[in-house]
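Peer 1: Prediction below, plus the sequence it came from.
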Number of protein chains: 2
Amino acid sequence: MAKSLMEVVGEDHVVIDPDVAASYGIDWSRRYTGTPSAVIRPADTAQVAGVLAVCRDFSLAVVPQGGNTGLVGGGVPVDGELILSLRRLSSITDVDQAGGQLTAGAGSTIADVCSAAAAVGWSYGIDLASRDSATAGGTIATNAGGLRVLRYGPTRSQVMGVEAVLGTGVTVSHLAGLTKDNTGYDLAGLLCGSEGTLGVVTAARLRLVPESPERVVALLAFSSVTAAVSASLEFRRTVPDLRSLELFFDDGLALVCDVFGLPRPFPKAYPLYLLVEMASQIDRLPELSEIIESTGAVDDVAVATDTARCDGLWQYRERHTEAINTVGTPHKLDVTLPWSHLVEFIETVPNVVRTANPHATTWLFGHTGDGNVHVNVTGVEPDDLNVDEHVMTLVAQLGGSISAEHGIGRAKRPWLHFNRSKEEIATFRAIKNALDPLGILNPNVLLPVH
Amino acid sequence: MAKSLMEVVGEDHVVIDPDVAASYGIDWSRRYTGTPSAVIRPADTAQVAGVLAVCRDFSLAVVPQGGNTGLVGGGVPVDGELILSLRRLSSITDVDQAGGQLTAGAGSTIADVCSAAAAVGWSYGIDLASRDSATAGGTIATNAGGLRVLRYGPTRSQVMGVEAVLGTGVTVSHLAGLTKDNTGYDLAGLLCGSEGTLGVVTAARLRLVPESPERVVALLAFSSVTAAVSASLEFRRTVPDLRSLELFFDDGLALVCDVFGLPRPFPKAYPLYLLVEMASQIDRLPELSEIIESTGAVDDVAVATDTARCDGLWQYRERHTEAINTVGTPHKLDVTLPWSHLVEFIETVPNVVRTANPHATTWLFGHTGDGNVHVNVTGVEPDDLNVDEHVMTLVAQLGGSISAEHGIGRAKRPWLHFNRSKEEIATFRAIKNALDPLGILNPNVLLPVH
């Protein structure tokens, strides 16, 4: 078997040395670990197809892997699966300066995509804190969201087409990047968010978006969750070029300032904050003030229009993940709530967590513009699922989604039925059987154990 | 069989009177006609499921139908299929004013959706000339595009979730409308553009977009296709809030002015025109002028900022379809070209058509911002496929899509392989078999005859 794989990718790219393989056995959550039976590093789509052919012949379970920034164990070989690392497929080609598109290899990082876009006067619609490691392929497999979903949609909205090797062994390639192209079923969209269970994306044609050199970032302080959520809704309804709308609390801000030695943004502390970014002209500042005033509930405000100050304000939000990691390995519960229950959820969840585990600390932040809250819980053992179960139950009771943008992976597999009916899950299985009839692709994530 | 259907929907809603049924046997293209064996008009999702159960029991081919504004025969019972009309499912419910969403029954028209959105201070991202008849369900089945794809994406980008009865008989319902919801495969996206071959969408949760009460519409005159396409690319790259970018030629403009008695927009005629709409502040007019000047190729320009004048400029573009219909029944060939070949296509296609049929007249207009050209050909018999074949061949040679936004339907079924490989078509069939194993749903469209 190893010999067959070596024939496909070359001896050097079948890694079985446990020391080298170890780094492929853990994701950014640090909650899931495993030892791959081997790490296979193909160089191109043909080699990916060759590797999958061997997997089919030997009935080997294989976990496709990108930059390992996942947070739900979706790319970790917990059961000793083979790792198919896509990182060598990192080229960015066919950059279309006039039309604003490029083709990214599955292993190219989001930072690489952003740089290639900027080099020709465009921008990429997806941005996230893990940009230096997260890959195009990984963000497609998880339909990653991030900081600008409000304006440009999730990864699925950026993908004009993909090249992929399906579980059937078939290679499909549709990389012409035509904006409108209604010629059959949306395979690219189906692969987006499928967590490597249907096929292995090897390249994607990505749309770029116009650069907005001018931007306005405002940090708003609030006394109550109700006021902050109301203001979020008002911004969403009235600002056509709103790009980000992010929430965090004073405990998170204090931790960020403490860990990274940043100055506090306001002379005094407030219970919670909204960070707002508009892709806009500076001359729209009066309008922004008007909206802020009309919400009638902003206690203090800091506004930035130059890059340095904009980036400075963003630090308070963006460094939450790193700061919380210094406290412990968090349970990362990434959820969406309907607007009508967002306030209730935010106000209730810390108590629910504390009831489930009195030693737990809850950190809340997230993309309020999408109704998306990142519930981070520290002080809990990695394999203690009691807190997760309680939070998921609350989310489901309030009509929310147990996975906003991180995916189901291994972490939330036991609770998929909270959001999806038996009929929907049966339909997922029918699709899985159609595209991966032998069940070799990432068999231990997403779909519940039978 | 008729009795079983009557038991599901009631006697009055199984239409077999040929005079009444006739109106269900033709679409807006007027090129495809058929006589349905019966027209079934269910009132709700449960009745749709009941009708499909009967179809499964009796192995009856069924064509789901909305407002009949299709242009590729995708909803026409050419082979005497049963028509499943969704028009009675026309309610709009659960309007979320704060969050900007609503649930549209499959039979509600786009105009109804727009009105319901406007009533609560929002707008709908899709707008098209057929808005008064086209339905939510029909636009989902075809992944309709229209006039604002550039800014808000196609229908697929508006759909947060659907309720549908699949060919397997299963009803799936996912209407919570959560912006981020990565919990399994994207069934809603898969049904978008599937042309009624996988399931019957009965309702959809639609996202709304912020209203832009202020807008700028400009009509620009050009001397050459190259200049107009270059300007289009420049607008796409530099205007972040660009909403529409539409192209038409002087023959079309002259026809529109003639048929509808409109004044010509400029003192003299130019070869071609671009209509540009920005969802923008009036105070950005100087910026618009700058961009226009920088293109260095605009021969004349008319700008409007008030609703009446904006709508007036839009008439020149939007009434093309009606105007051309007065000349004859056109072959409507809706295609996308890559930017690099758009000029070549536009300049070449009239000659290609003339070579294929010396009696043919070519009318070109479309959504240049998406690389999408509507090739309308009059003076050709409806069943003469020679012109179609020649245009499709040219499109394929230039790397374009034979269906931009109208879909494959019956019209382009013979040429799907121009755009899709054997492997892709085999994958489509695997998905079709998974969701409609008996093959009862719209069996004569989209996928080629075996």
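Peer 2: It's in.
Peer 1: What is the burial count for the nearest residue to A:H390 once chain neighbours are set aside?
Peer 2: Once flanking residues are discounted, A:H390 sits nearest to A:A356: 4.0 Å by C-beta to C-beta, 6 or more residues apart in numbering or on different chains. For the C-beta atoms, the positions are set from N, CA and C on the backbone; glycine is no exception. A:A356 has 19 neighbouring residues, counting by other C-beta atoms under 10 Å in any protein chain shown.
Peer 1: Same question for A:P267.
Peer 2: When neighbours are counted by other C-beta under 10 Å, A:P267 registers 6.
Peer 1: now it, what's its secondary structure?
Peer 2: Secondary structure assignment for A:P267 (DSSP: H, G, I helix; E, B strand; the rest coil): coil.
Peer 1: Need phi/psi at it.
Peer 2: phi -60, psi -30 (degrees, to the nearest 10).
Peer 1: again, but for A:D383
Peer 2: phi -100, psi 10.
Peer 1: residues touching the residue nearest to A:H390, list them.
Peer 2: Shown in contact with A:A356 (C-beta atoms under 8 Å, 6 or more residues apart in numbering or on different chains): A:N386, A:V387, A:E389, A:H390, A:V391.
Peer 1: partner residues bridging the closest residue to A:S91 other than its chain neighbours?
Peer 2: Spatially, and ignoring its direct neighbours in sequence, A:S91 is nearest to A:G105 (4.7 Å; C-beta to C-beta, 6+ apart). Beta bridges link A:G105 to A:A203 when assigned by DSSP bridges.
Peer 1: Just list what the host helix or strand of A:E290 packs against, helices and strands only.
Peer 2: Per DSSP states H and E, A:E290 falls inside helix A:285-295. Counting contacts by 3 or more C-beta pairs under 8 Å, 6 or more residues apart in numbering or on different chains; DSSP states H and E, helix A:285-295 is packed against strand A:216-222, helix A:225-238, strand A:300-304.
Peer 1: For it, list the C-alpha coordinates in CSV.
Peer 2: Output of helix A:285-295 as CSV, limited to C-alpha atoms (Å, rounded to 0.1, in the frame of the first residue of the first chain):
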residue,chain,number,x,y,z
LEU,A,285,-18.6,60.4,8.3
PRO,A,286,-21.5,62.8,9.1
GLU,A,287,-23.9,60.1,7.9
LEU,A,288,-22.3,57.6,10.2
SER,A,289,-22.7,60.0,13.1
GLU,A,290,-26.3,60.5,12.3
ILE,A,291,-26.9,56.7,12.4
ILE,A,292,-25.0,56.4,15.6
GLU,A,293,-27.1,59.3,17.1
SER,A,294,-30.3,57.8,15.9
THR,A,295,-29.7,54.5,17.8
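Peer 1: angle of it against strand A:300-304?
Peer 2: Relative orientation of helix A:285-295 versus strand A:300-304 (axes from the mean of the first three to the mean of the last three C-alpha atoms, to 10 degrees): 160 degrees.
Peer 1: Show residues contacting helix A:285-295.
Peer 2: A:216, A:218, A:220, A:227, A:230-231, A:234-235, A:238-239, A:278, A:298, A:301, A:303, A:305.
Peer 1: For chain B, tell me which of the residues you listed show up nearby.
Peer 2: Filtering those for proximity to chain B by C-beta under 8 Å from any C-beta of the partner chain leaves A:T238, A:V239.
Peer 1: What is the burial count for A:T45?
Peer 2: With other C-beta under 10 Å as criterion, A:T45 counts 20.
Peer 1: Return the residues in contact with the closest residue in space to it that isn't next to it in sequence.
Peer 2: Once flanking residues are discounted, A:T45 sits nearest to A:T202: 4.2 Å by C-beta to C-beta, 6+ apart. A:T202 is in contact with A:D44, A:T45, A:V48, A:L86, A:L89, A:G105, A:A106, A:G137, A:V162, A:E163, A:A164, A:V165, counting by C-beta under 8 Å, 6+ apart.
Peer 1: what's the closest non-adjacent residue to the fifth one?
Peer 2: The spatially closest residue to A:L89, leaving aside those adjacent along the chain, is A:G105, at 3.9 Å (C-beta to C-beta, 6+ apart).
Peer 1: tell me the contacts of that neighbour?
Peer 2: A:L86, A:L89, A:S90, A:S91, A:I92, A:T93, A:A136, A:G137, A:T202, A:A203 are the contacts of A:G105 under C-beta under 8 Å, 6+ apart.
Peer 1: repeat for A:F418
Peer 2: By C-beta under 8 Å, 6+ apart, the neighbours of A:F418 are A:M392, A:T393, A:V395, A:A396, A:I402.
Peer 1: which stretch of helix or strand covers the first one?
Peer 2: Okay, so that is A:M392. Using DSSP H and E, A:M392 falls in helix A:386-397.
Peer 1: buried residues in that helix?
Peer 2: A:V387, A:D388, A:H390, A:V391, A:M392, A:L394, A:V395, A:A396 (16 or more other C-beta atoms under 10 Å in any protein chain shown).
Peer 1: Which other helices and strands does it contact?
Peer 2: So helix A:386-397, by 3+ C-beta pairs under 8 Å, 6+ apart, packs with strand A:331-336, helix A:339-356, strand A:372-378, helix A:416-419.
Peer 1: relative to strand A:216-222, how tilted is the lowest-mean-pLDDT helix or strand in chain A?
Peer 2: Sorted by mean pLDDT, DSSP states H and E, the helices and strands of chain A end with helix A:285-295, the least confident at a mean of 74. For helix A:285-295 against strand A:216-222, the angle between stretch directions is 20 degrees (the same axes, to 10 degrees).
Peer 1: Report the buried residues of helix A:285-295.
Peer 2: Quick answer for helix A:285-295 (16+ other C-beta under 10 Å): A:E287, A:L288, A:I291, A:I292, A:T295.
Peer 1: how about the contacts of A:F418, which pair is most distant?
Peer 2: Farthest-apart pair in these is A:T393 and A:I402; separation 9.5 Å (C-beta to C-beta).
Peer 1: what are the pairing partners of whichever strand or helix holds A:V162, and which direction each?
Peer 2: Assessed by DSSP H and E, A:V162 sits inside strand A:159-166. Paired strands of strand A:159-166, with direction, are strand A:171-173 (antiparallel), strand A:199-207 (antiparallel) (DSSP bridges).
Peer 1: Where does the stretch 1-150 of chain A get nearest to chain B, which residue?
Peer 2: A:G99 (3.8 Å; C-beta to the nearest C-beta).
Peer 1: Now do the same contact list for the residue nearest to A:E344 when sequence neighbours are not counted.
Peer 2: Spatially, and ignoring its direct neighbours in sequence, A:E344 is nearest to A:L398 (6.4 Å; C-beta to C-beta, 6+ apart). By C-beta under 8 Å, 6+ apart, the residues touching A:L398 are A:L337, A:P338, A:H341, A:E344, A:F345.
Peer 1: where's A:L398 relative to A:D388, distance?
Peer 2: Between A:L398 and A:D388 the computed distance is 16 Å (C-beta to C-beta, to the nearest Å).
Peer 1: residues in contact with the strand holding A:V162?
Peer 2: Against strand A:159-166 from outside (C-beta under 8 Å, 6+ apart): A:45, A:48-49, A:52, A:101, A:140, A:171-179, A:181, A:187-189, A:191-192, A:198-207, A:435-436, B:427.
Peer 1: ok, the contacts of A:A356 vs chain B, which is closest?
Peer 2: Nearest member of the contacts of A:A356 to chain B, counting by C-beta to the nearest C-beta, is A:V391, at 15.0 Å.
Peer 1: ok, now which ones touch that closest one?
Peer 2: A:L333, A:V335, A:V349, A:V352, A:V353, A:A356, A:V375, A:V377.
Peer 1: Enumerate the residues of the stretch 51-200 of chain A near chain B.
Peer 2: A:96, A:98-100, A:121-122, A:142-143, A:145, A:149, A:153-154, A:156-157, A:166, A:168, A:170-174, A:176-187, A:189-190, A:192-194, A:198.
Peer 1: just checking, A:V63 touches A:R410?
Peer 2: No. Contact criterion C-beta atoms under 8 Å: A:V63 and A:R410 do not qualify, at 10.5 Å.
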